[in-house]
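A.B. asks: need coordinates for the following:
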Amino acid sequence: MGLMLRYALWTLRARRAGFVGAFLALCCAAALVTACGGLLETGLRGEIRTERYGAAPVVVAADQNVHHEQRKGDKVKHKAKPVAERAWLPPGTAETIAAVDGVGAVLPEVTFPAALVGVGGGPESLGHAWSSAALTPFVIGEGRAPEARGEIVVDGGLARRGGIGVGDVVTVQATDAPAEYTVVGVAEGAVTEQAAVFFAEDEARRLAGHDGRDTVVGVVPVDGVPAEELAGRLGEALAGTTALVHTGGERGEVEFLDAAQARVRLVSMGGAIGGTGLLVAVLVVVGTLALATRQRHRELALLRAVAATPRQVRRLIGREALVVGAVAGVLGAFAGQPLGGLIHRRFTELGAVPETLAPVRSVFPAVAAVVATLLAAWLAARLAARRAARIRPVEALAESAADVRGPAPGRLLAGGLVLVGGVVLLVVLSALRTEPAATPVTYLAVLVLCVAVALLGPVLARVAFAALGAPLRLSRVSGHLAAHHASAGATRLAAVITPLTLLVAMAAVIVFGQTTLGAAAEREARDGVVADAVVTSTGLGVPGAAADRLRAEPGVAGVTEVLRTQVRTPGLDRYRAEGVTPGPGLAGTLDLGVTAGSMAELDEGSVAVGELVADHHGLRPGDTFPLVLGDNTPVELTVVAVYERRLGFGELILDQGLVAAHVDNPLAEAVLVSGVDHDRLTAAVGEFPGLTVGDGGAFADRVAAGRRADAEVAFLGMGLVLAFTTIAAVNTLAMATADRAREFALLRLIGTSRRQVLRMLRLESLTVAATAVLLGTGIALATLAALSAGMTGRVAPAVAPTGYALLVAAVVGLTLLATAIPARMALRAVTTGVN
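C.D. replies: Reported below is the predicted structural model:
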């Protein structure tokens with residue numbers, strides 16, 4: 001073992017250039033895994049700092065999770081998933097808390113959206129009752145507390161941003177129609193990630209609209225009673241209710257629900273990106289090490305000739321890879337730390353992660369990255385060394401001078417089996433109808449098909465070069481040389497084609513997978529909205545008073561308020577739902593593509609379900625469907641209709657009034673109107689600030705905008721994998737070209753000019769790029785077709801011609817550049833040697 005390790009170190013020093021490719025690929029993989037591991041750890045252990053509840057050591061809030069128990073034999077498995085909206089405490093909770101021994105102050109809190117019209121930018125603005133200002137605490141810096149219904153106090157940051165002072169009259173858009181309030185005070189408190197507008201108690205309760213229930217109750221212990229001890233007492237007193245007690249860092253999760261949900265998203269994204277990157281690393285490094293091993297054939301042949309056993313050759317290559325992997329893993333882990341910080345900041349800028357969820361820094365992601373890199377290097381080395389270790393000494397010496405071997409039967413068999421596995425994944429993908437289920441299978445299918453290309457590479461390369469050789473030979477010297485060298489070096493060039501194919505396929509699927517789903521959702525939204533006009537808002541939403549004003553307009557045939565939310569089933573399935581105004585006017589504004597039942601029967605006790613939900617739960621009109629609404633309220637609804645257009649309008653359609661009573665923001669996202677022209681509608685809603693009137697396509701535009709926002713997050717995450725794949729592809733191209741110095745020297749000695757050699761390489765590179773583009777495009781189209789069939793019910797991938805052309809141009813440009821630079825360096829050395 002010691003001798004092999006010393007020899008491995010010696011060969012690494014002597015052949016540094018041959019291992020640069022594997023080193024760079026492994027280093028990038030370690031950096032990617034470290035960065036994604038940091039995201040995952042932040043999702044698992046990240047603490048959400050509290051602001052609003054900073055002065056309350058104990059906070060009581062309603063349970064934000066739906067719970068489900070699965071029984072398998074004698075075992076009971078408990079699962080819990082968060083709801084989308086804020087759950088409110090049951091009535092009487094504050095009184096129960098006040099009766100517990102050790103409780104000092106009880107501070108009930110209500111929270112609801114409240115924005116000052118005309119004051120843009122800054123953090124989210126929320127309304128509260130002034131009686132709960134001590135939770136932060138907020139202290140009046142100027143003026144006084146609100147006492148009457150038409151008075152408010154604003155926090156100092158909001159006042160400075162809007163240029164507001166005591167005595168000013170401002171318009172506030174909360175959960176009702178916009179109303180004017182007089183600013184009677186400016187309060188200062190330690191909040192930066194939210195803005196506060198304080199109302200008098202009765203007005204705040206009216207705007208909150210939850211029948212006297214509280215959002216949370218802050219509790220201050222009496223002197224001498226520890227917060228943890230009081231929390232235990234409160235837990236006993238509230239046992240059997242939906243109220244939960246929180247202390248310390250748990251209070252931040254209660255205050256910032258989006259941060260708590262972002263933790264789940266980070267775990268999912270970190271695992272998916274890191275896992276995909278690691279699989280890509282193994283695939284790329286296998287090809288890189290195989291290329292490096294092929295370049296060392298003379299050396300390995302000599303070792304076999306002097307009685308080195310196959311096991312010793314495998315151990316030698318394995319130890320070389322482990323040494324390279326160890327160094328690359330450590331350096332990549334260091335580079336991954338700032339990369340993880342950059343990703344976290346970018347996710348925060350995109351709104352996927354809130355500012356209050358601070359990143360976690362520890363050594364665990366770095367250690368995991370080093371271990372994962374070592375395993376990837378060892379596995380890649382084992383796969384790359386199989387042929388070199390098995391070959392007999394005499395054959396090795398004969399083959400060291402030329403690439404005359406055909407593909408091994410075992411490799412062809414493995415390639416065929418992997419190809420079958422890829423086809424099976426495509427069949428599975430075509431049956432998946434939800435994004436959470438389809439997304440990982442989509443990327444896995446691309447990787448598996450690219451593995452098949454790697455295994456079948458020599459055969460595919462020979463077929464492609466034979467087909468493309470005829471046009472190459474139109475160029476008398478360079479073309480003939482390019483065609484001959486491409487055919488003769490098919491095995492070598494196959495190692496170059498694989499990462500380029502992966503780059504094309506992965507990039508196309510990442511980009512056009514999002515456009516395929518986005519185009520389908522937008523198409524369904526455009527076809528489904530049959531209203532003449534759509535009223536939307538640049539603020540919190542369209543208030544109910546505006547919808548009522550439109551209904552009173554002469555000639556209006558239908559007014560439908562649309563309000564989005566998310567609901568769960570008792571079994572924890574999550575569905576996107578929309579609340580719409582029921583009634584006879586619904587048919588004149590929305591066409592959901594009903595296949596069974598009737599939307600005319602929709603009311604507060606019923607639901608319309610998309611075909612996916614109907615099939616999954618075996619539902620038909622007349623069946624009862626239990627659901628848990630956004631604020632964790634269980635309901636049992638009767639199915640009245642089954643419809644097709646679920647991508648554009650969500651999987652469930654509920655009564656708008658039912659949804660509005662169980663969401664944080666009850667204002668409509670849009671109001672669909674039929675029967676009146678735009679000018680009259682614009683005049684009708686003119687008294688409501690921030691409302692705009694558009695045509696029927698405005699709703700589809702909002703659907704498309706929402707899809708684009710989600711796509712940006714996906715592009716950022718998988719873009720890292722693309723960057724890594726690009727580096728690996730360029731690196732492999734450069735290695736393959738740099739190793740051909742002897743070939744270039746021979747061409748120069750027989751009279752080929754330097755210009756003809758470079759032209760030959762350009763034609764050869766174009767052939768390689770064309771082969772990779774064709775293979776990658778085929779893999780991408782097959783994957784996108786399966787994705788489209790499963791998600792939309794028809795094979796209709798949305799591939800933007802301009803985007804595809806840019807992708808092809810980028811791949812061809814990278815191929816030419818990565819070949820030209822090392823080729824010129826090699827030719828310069830050859831020319832110097834000849835002279």
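
A.B. asks: what helix or strand is residue 716 on?
C.D. replies: Per DSSP states H and E, residue 716 falls inside helix 697-738.

A.B. asks: and if you look at residue 495?
C.D. replies: Applying DSSP H and E, one finds residue 495 within helix 490-528.

A.B. asks: give me the distance from whichever helix or strand comes after that helix to the chain's centre.
C.D. replies: Sequence-wise, the next helix or strand downstream of helix 490-528 (DSSP H and E) is strand 533-537. Counting by C-alpha atoms, centre = their mean, to the nearest Å, strand 533-537 is centred 30 Å from the centre of its parent chain.

A.B. asks: for whatever helix or strand residue 203 lives in, buried residues please.
C.D. replies: Using DSSP H and E, the element containing residue 203 is helix 201-208. Buried residues in helix 201-208, counted by 16 or more other C-beta atoms under 10 Å: 203, 204, 205, 207, 208. Every C-beta, even on glycine, is put in place using the N, C-alpha and C of the backbone.

A.B. asks: now the residues you listed as a markdown table including pLDDT and distance to residue 222?
C.D. replies: Formatted as a markdown table, these follow (pLDDT from 0 to 100; distance: C-beta to C-beta, whole Å):
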| residue | pLDDT | distance to residue 222 |
| --- | --- | --- |
| 203 | 94 | 31 |
| 204 | 94 | 27 |
| 205 | 93 | 28 |
| 207 | 93 | 33 |
| 208 | 92 | 29 |
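
A.B. asks: adding distance to residue 37, write those out as JSON lines.
C.D. replies: As requested, the buried residues of helix 201-208 are arranged in JSON lines below (distance: C-beta to C-beta, whole Å):
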{"residue": "203", "distance to residue 37": "48"}
{"residue": "204", "distance to residue 37": "44"}
{"residue": "205", "distance to residue 37": "46"}
{"residue": "207", "distance to residue 37": "44"}
{"residue": "208", "distance to residue 37": "41"}
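
A.B. asks: ok so, going back, which other helices and strands contact the helix holding residue 203?
C.D. replies: Here helix 201-208 touches strand 112-113, strand 124-129, going by 3 or more C-beta pairs under 8 Å, 6 or more residues apart in numbering; DSSP states H and E.

A.B. asks: for the stretch 601-750 of the chain, which residues score under the pLDDT cut-off?
C.D. replies: 708-711, 713-714, 717-718, 736, 738-741, 744, 747 (pLDDT under 70).

A.B. asks: likewise the stretch 151-300 of the chain?
C.D. replies: Looking along the stretch 151-300 of the chain with the criterion set at pLDDT under 70, you get 287-300.

A.B. asks: domains for this protein, by residue range?
C.D. replies: Here the domain parsing of the chain from automatic domain parsing is 1-48+256-401, 59-79+90-223+237-248, 404-519+706-835, 530-695.

A.B. asks: stretch 353-362: how far from the chain's middle?
C.D. replies: On C-alpha atoms, centre = their mean, the centre of stretch 353-362 falls 17 Å from that of its chain.

A.B. asks: now swap in stretch 673-682 and tell me
C.D. replies: That offset, for stretch 673-682, works out to 39 Å (C-alpha atoms, centre = their mean).

A.B. asks: ok so, going back, and the helices and strands packed on helix 201-208: which comes nearest residue 229?
C.D. replies: strand 124-129 (28.5 Å; C-beta to C-beta).

A.B. asks: by contact count, what packs against the closest one?
C.D. replies: Strand 124-129 packs on strand 112-113, strand 194-199, helix 201-208, going by 3+ C-beta pairs under 8 Å, 6+ apart.

A.B. asks: pull the CA atoms of the second one into CSV?
C.D. replies: Once non-C-alpha atoms are left out, strand 194-199 reads as follows in CSV (Å, rounded to 0.1, in the frame of the first residue of the first chain):
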residue,chain,number,x,y,z
GLN,A,194,-41.7,45.1,8.7
ALA,A,195,-43.5,48.4,9.1
ALA,A,196,-46.3,48.9,11.7
VAL,A,197,-49.5,50.9,11.6
PHE,A,198,-51.3,51.0,14.9
PHE,A,199,-55.1,51.6,15.3
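
A.B. asks: that strand pairs with which strands?
C.D. replies: Counting by DSSP bridges, the strands paired with strand 194-199 are strand 124-129 (parallel), strand 151-155 (antiparallel).

A.B. asks: buried residues in the first one?
C.D. replies: So the one you mean is strand 124-129. Residues of strand 124-129 classed as buried: 125, 126, 127, 128, 129 (neighbour count, 16+ other C-beta under 10 Å).

A.B. asks: wait, residue 159 touches residue 168, no?
C.D. replies: No: if you go by C-beta atoms under 8 Å, residue 159 and residue 168 don't touch, sitting 9.0 Å apart.

A.B. asks: anything in contact with each of the two?
C.D. replies: Counting by C-beta atoms under 8 Å, 6 or more residues apart in numbering, the common neighbours of residue 159 and residue 168 are residue 183.

A.B. asks: these two: which is more packed in?
C.D. replies: A side-by-side neighbour count of residue 159 and residue 168, using other C-beta atoms under 10 Å, places residue 159 first with 24 against 14.

A.B. asks: so what's the more buried one closest to, chain neighbours aside?
C.D. replies: Spatial nearest neighbour of residue 159, excluding adjacent residues (C-beta to C-beta, 6 or more residues apart in numbering): residue 186 at 4.8 Å.

A.B. asks: what residues does that neighbour make contact with?
C.D. replies: Contact analysis of residue 186 by C-beta under 8 Å, 6+ apart lists 140, 141, 142, 143, 153, 154, 155, 156, 159, 164, 165, 166.

A.B. asks: repeat the analysis, applying 10 Å as the threshold.
C.D. replies: 138, 140-143, 153-160, 164-166 (C-beta atoms under 10 Å, 6 or more residues apart in numbering).

A.B. asks: what do you get for residue 589?
C.D. replies: Counted by C-beta under 10 Å, 6+ apart, residue 589 has contacts 528-534, 557-562, 580-581, 671-675, 696, 699.

A.B. asks: the helices in the stretch 1-150 of the chain, which residues?
C.D. replies: Along the stretch 1-150 of the chain, counting by DSSP state H, counting those that start in this stretch, helices occupy 2-14, 16-45, 93-98.

A.B. asks: now residue 331: which helix or strand?
C.D. replies: Applying DSSP H and E as the criterion places residue 331 in helix 310-350.

A.B. asks: now the following helix or strand past that helix and helix 490-528, what's the angle there?
C.D. replies: Using DSSP H and E, the helix or strand that follows helix 310-350 in sequence is helix 364-384. Orientation check (axes from the mean of the first three to the mean of the last three C-alpha atoms, to 10 degrees): helix 364-384 against helix 490-528 gives 130 degrees.

A.B. asks: tabulate the CA atom coordinates of helix 364-384 in CSV.
C.D. replies: Only the C-alpha atoms of helix 364-384 are listed here, as CSV (Å, rounded to 0.1, in the frame of the first residue of the first chain):
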residue,chain,number,x,y,z
PHE,A,364,-20.5,20.2,8.6
PRO,A,365,-21.2,21.2,4.9
ALA,A,366,-17.5,21.4,4.2
VAL,A,367,-16.8,18.0,5.8
ALA,A,368,-19.7,16.5,3.9
ALA,A,369,-18.4,18.0,0.7
VAL,A,370,-14.9,16.6,1.2
VAL,A,371,-16.2,13.2,1.9
ALA,A,372,-18.6,13.3,-1.0
THR,A,373,-15.8,14.5,-3.3
LEU,A,374,-13.5,11.6,-2.2
LEU,A,375,-16.3,9.1,-2.8
ALA,A,376,-17.0,10.6,-6.3
ALA,A,377,-13.3,10.5,-7.1
TRP,A,378,-13.0,6.9,-6.0
LEU,A,379,-16.0,5.8,-7.9
ALA,A,380,-15.0,7.7,-11.0
ALA,A,381,-11.5,6.1,-10.8
ARG,A,382,-12.9,2.6,-10.4
LEU,A,383,-15.1,3.0,-13.5
ALA,A,384,-12.3,4.7,-15.5
